[in-house]
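Student: here is my input; please provide its structure:
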Amino acid sequence: MTRIDAALEARMANAIRALAMDAVEAAKSGHPGAPMGMADVAAVLFNRFMRVDPADPTWPDRDRFVMSAGHGSMLVYAIHHLLGYDDMGMDQIRAFRQLGSRTAGHPEYGHAKGIEVTTGPLGQGIATAVGMALAERMAHARWPDLAGHHTYVIAGDGCLMEGISHEAIDLAGHLRLGRLIVLWDDNGITIDGATDLSTSTDQQARFAAAGWHVQAVDGHDRDAVAAAIQAAQGDDRPSMIACKTVIGYGAPNKQGGHDVHGAPLGDDEIAAARAHLDWPHDPFTLPEDVTTAWAAIAARGAQARADWAARLETSANRAAFLAAQTAPDAPALRTAIAGHCHQLVADRPKVATRKASEMALGVINAALPQTIGGSADLTGSNLTRTKDMQSVRAGDYAGRYVNYGIREHAMAAVMNGIALHGGFIPYGGTFLAFADYSRPAIRLGALMGVRVIHVMTHDSIGLGEDGPTHQPVEHLASLRAIPNLQVFRPADAVETAEAWEIALTSPATPSVLALSRQNLPTVRTEDEDANRSRRGAYVLRATPAPRDVTLIATGSEVEIALAAADLLRADRIDAAVVSAPCFELFARQDRAYRQGVLCDAPRIGIEAAIRQGWDLFLRPEDGFVGMTGFGASAPAPALYRHFGITPEAVAELARNLIKGET
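Tutor: Below is the predicted model:
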């Protein structure tokens, strides 16, 4: 721990306050309260503990800092400017919240260097940080001389009220993630007013009950904050430090009230704050002694990075460590998946695509040591655990399988954190009907562009007797609506393996694999080397003459489309069958390819879900066979008959479309 003059450290904190209030005032928008209230805590954290190098913001063993209370983004931007990040000049501070600036309203991963995770939706930051801390422990278990950093989080009352925080802190405590330190901005204020309007929870007791090391300090007593962080570093449990702060600290007439939370202070109050803080400098102006002190932090980080780089060069773990940091070798993976698919075509298994996924994972996990599996207490249903995978446990992080428990919200966010940390490719399973529990983190993963694979089984009414609560009907449409998310619904074991290959080789896109409970035949019967699913949709069965109708289906309904085409053939109607495992990939194809697949004949979409989202394939006059409401509790074959998702129904609709009767 490094210490400098206490008076100078106080001025380092006041620099954060000044930049925050000036930037918010210039934007006439933003949240000055949290940055001003937590400025002392942040100054201590960076001045005495953090190891970051602005000249190399992504070096693997850096400490991670997560601003979970993302509305306090100006704290992050102020710190980055003071540390000397070359993309965070004063022009960016002046352009806070303006179009095209790096200083967005909430911290956004990839928009500026050093931002570890996109935050804003409260609770997501702390949950994602749990994933980062878990990845650090797994990395340390594999490469102990190359991984040994801390993950620090600033969280507010909103982060701790959101339900995802409960799942995340419970998992972190259970796994004893000792290098995770949460600094709670305990200011007693939310947007509506004092926190006692809506909560009476004893947060310290709550964290202690989850197995955390808990301390409480005056957040404006910098030595007390430093002592608490030092004690947290020495404990093998995750730590929560309750930092009692005054929101908007330094604004003499507004501090401590909810009015300072999310609005500019105004010229008069800023002038009063400058006098109160003894900060006689013009807006966006910093004294040399303060900038020099912050530069010293960056220099210390640069030395830490250089020391680590020297260790890397001589480490026996160097090759394995560097291999884990790189993307999977696409040609090698293609070879492995192609060999697997050749065998599938030869064997033609009739298996559920969830089982096909397990079969593919047997190949993938053997080829890629960086994959980390898991499930939200549904391992036996999701089939996400392959042979010889050992569970990650408290004190033993060498395993490759995470038992997330019944925590879908946290699982999705934790996987984002594992991916953001680097060195691992996470995948985790639950039921598709529970995708809404995971959706906020899936959306953030898509926004950030991280390689996370969500295995979601029991993908339709085909799951049967568990009934409408577990039968997803609107979930495919909902997930397909998220930009930069690949949603796969494979038709058989071959398409399932192809979907896995695409997901693993998509470095900036998360993926969802929607998989069946019921057994499906192998519909890809031709032995091919190419991954046909990469085009998103393709002609599975062509017609010998210009087609009369095009049947487009996904997943378990491809089998129905093929059977309907057989029925139509008996009537001398030529029906082409298109398998569409991934709408998003098909949308990226050029117009000529799409037209060649779809043609101009009448089209029918077939999916045991609602029609919404099918406009990529279907025109208003085209037909659809699927769901229009919720499911029911019955065996799957009875449900398909009851809801009219049958070859006979498809064939009859095709005849009517051709006649122009619909």
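
Student: in the top helix by length along the chain, what's buried?
Tutor: Ranked by residue count and defined by DSSP state H, the top helix of the chain is helix 288-314. If you call a residue buried by 16 or more other Cβ atoms under 10 Å, then helix 288-314 has these buried ones: 290-291, 293-294, 297-298, 300-302, 304-305, 308, 312. Any C-beta I mention is one placed from the backbone N, CA and C, and that applies to glycine too.

Student: for the helix or strand where Arg17 lies, packing partners?
Tutor: Element membership for Arg17, per DSSP states H and E: helix 6-27. Counting contacts by 3 or more Cβ pairs under 8 Å, 6 or more residues apart in numbering; DSSP states H and E, helix 6-27 packs against helix 33-37, helix 39-48, helix 73-83, helix 90-94, helix 222-233, helix 267-276, helix 288-314.

Student: Thr128 is nearest to which of the ones you listed?
Tutor: helix 73-83 (14.8 Å; Cβ to Cβ).

Student: so what's the gap between that closest one and the chain middle?
Tutor: 24 Å (Cα atoms, centre = their mean, to the nearest Å).

Student: repeat that for stretch 35-43.
Tutor: For stretch 35-43, the distance to the chain centre is 28 Å (Cα atoms, centre = their mean).

Student: buried residues, that stretch. List them.
Tutor: Under 16+ other Cβ under 10 Å, the buried positions of stretch 35-43 are 35-43.

Student: helices or strands next to the helix or strand where Glu136 lies in the packing?
Tutor: Applying DSSP H and E as the criterion places Glu136 in helix 124-142. Applying 3+ Cβ pairs under 8 Å, 6+ apart, we find helix 124-142 packed against strand 64-67, strand 151-155, helix 157-161, helix 163-175, strand 180-186, helix 318-325, helix 408-421, helix 435-448.

Student: mean neighbour count and distance to Thr496 for those - can I get that in JSON lines?
Tutor: Listed next are the helices and strands packed on helix 124-142 as JSON lines, based on neighbours: other Cβ atoms under 10 Å; distance: least, Cβ to Cβ, whole Å:
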{"stretch": "strand 64-67", "mean neighbour count": "27", "distance to Thr496": "35"}
{"stretch": "strand 151-155", "mean neighbour count": "27", "distance to Thr496": "35"}
{"stretch": "helix 157-161", "mean neighbour count": "22", "distance to Thr496": "37"}
{"stretch": "helix 163-175", "mean neighbour count": "23", "distance to Thr496": "29"}
{"stretch": "strand 180-186", "mean neighbour count": "28", "distance to Thr496": "35"}
{"stretch": "helix 318-325", "mean neighbour count": "15", "distance to Thr496": "25"}
{"stretch": "helix 408-421", "mean neighbour count": "29", "distance to Thr496": "20"}
{"stretch": "helix 435-448", "mean neighbour count": "22", "distance to Thr496": "18"}
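
Student: among these, which is nearest Arg48?
Tutor: Judging these by Cβ to Cβ, what sits closest to Arg48 is strand 151-155, at 11.8 Å.

Student: the helix holding Glu136 to helix 318-325, inter-axis angle?
Tutor: Between helix 124-142 and helix 318-325, the angle comes out at 150 degrees (axes from the mean of the first three to the mean of the last three Cα atoms, to 10 degrees).

Student: endpoint to endpoint, stretch 322-339 covers what distance?
Tutor: From its first residue to its last, stretch 322-339 covers 27 Å (Cα to Cα, to the nearest Å).
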